[in-house]
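K.L.:
My questions are about this predicted structure, shown below with the sequence.
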Amino acid sequence: MNKGCSARGLLMLGLGLILLVVVGLLFYGQSARSSAPRPMAGLAGFGSTARQSFAPAAELAAQWQADAGLASVSRHWPEAGGQLSGEGEWAFQFFSPSTSRLALVTVTGETASMTRESASPYSVPTFSAAEWQVDSDQALQAWWERGGSTLLARRPGADLVMQLRVPEGGGNRPVWTVAGFVAGTEIVISVAVDGTDGTMVEQ
């Protein structure tokens, strides 16, 4: 009788230890998943995307010159690890072929401002809204999934810049270039994304 109780006790003890191991493994897996890089929360706190900010910029550019064409779109986040949120400021550069002049229009929220106007000694390639189909959040997500999340986790003081333009000698389609870097070092994580169809572009 005592031997039976002892055997049952050992069996229960063994099952208890197995249960503890299983619970421990489940907890460890959940903890590992929670600490792994996540998508940028769908960029929900990112504020307006580039395309959402484009309308007031295009309206102001049309008032500036009727033939103004979009030459580039850009944004900069200093110390991006803690600041990938808020409205921020998008910069749109326009080129007027008839006057050979450039205009820089910045947009914060829904407010556009003419920041700078200057003569251009050469023609600047432009692209249409129809050719620009890939928004900034999609380009940022591509960067995030290809090393950006690791960079900001390890170096939260890293800067982040992104620009959309027609590359020199690279055809007539706009390309997003997204780069995270640590000032004063050679640490750079960058990607290039086709602004029309979202495919990755070799750099």
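P.N.:
Good, I have the coordinates.
K.L.:
so Leu70 bridges to which residues?
P.N.:
According to DSSP bridges, the residues that bridge with Leu70 are Phe94, Phe127.
K.L.:
which residues sit in contact with it?
P.N.:
For Leu70, the contact set (CB atoms under 8 Å, 6 or more residues apart in numbering) comprises 54, 58, 61, 92-94, 126-129, 132. Where you see a C-beta, it was placed from the backbone N, CA and C, and this is true even at glycine.
K.L.:
again with Arg51
P.N.:
By CB under 8 Å, 6+ apart, the neighbours of Arg51 are 132, 135-136.
K.L.:
Now the residue nearest the centre of the chain: which helix or strand?
P.N.:
Note on the chain: the residue nearest the mean C-alpha position is Leu140, at 1.9 Å, using CA atoms, centre = their mean. Here Leu140 sits within helix 136-143, counting by DSSP states H and E.
K.L.:
ok, then the element right after that helix?
P.N.:
Sequence-wise, the next helix or strand downstream of helix 136-143 (DSSP H and E) is helix 149-154.
K.L.:
hang on, the earlier thing: any quick PyMOL command for the buried ones out of the contacts of Arg51?
P.N.:
To isolate the buried ones among these in PyMOL, judged by 16 or more other CB atoms under 10 Å, type:
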select buried, resi 132+135+136
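K.L.:
Looking at the contacts of Arg51, which one is closest to Ser120?
P.N.:
Ranked by distance to Ser120 (CB to CB), these are led by Trp132 at 20.9 Å.
K.L.:
so that closest one makes contact with Thr196?
P.N.:
Yes: Trp132 is within contact range of Thr196, at 7.2 Å (criterion: CB atoms under 8 Å).
K.L.:
Need the residues touching each of these two.
P.N.:
With CB under 8 Å, 6+ apart, Trp132 and Thr196 have common neighbours Pro174.
K.L.:
Please look at Asn172 and Ser128 and confirm they touch.
P.N.:
No: under the criterion of CB under 8 Å, Asn172 makes no contact with Ser128, lying 10.1 Å away.
K.L.:
Next, Gly81: secondary structure please.
P.N.:
Three-state assignment for Gly81 (DSSP: H, G, I helix; E, B strand; the rest coil): helix.
K.L.:
dump the residue contacts of Ser190.
P.N.:
By CB under 8 Å, 6+ apart, Ser190 lies in contact with 143, 177-180, 203.
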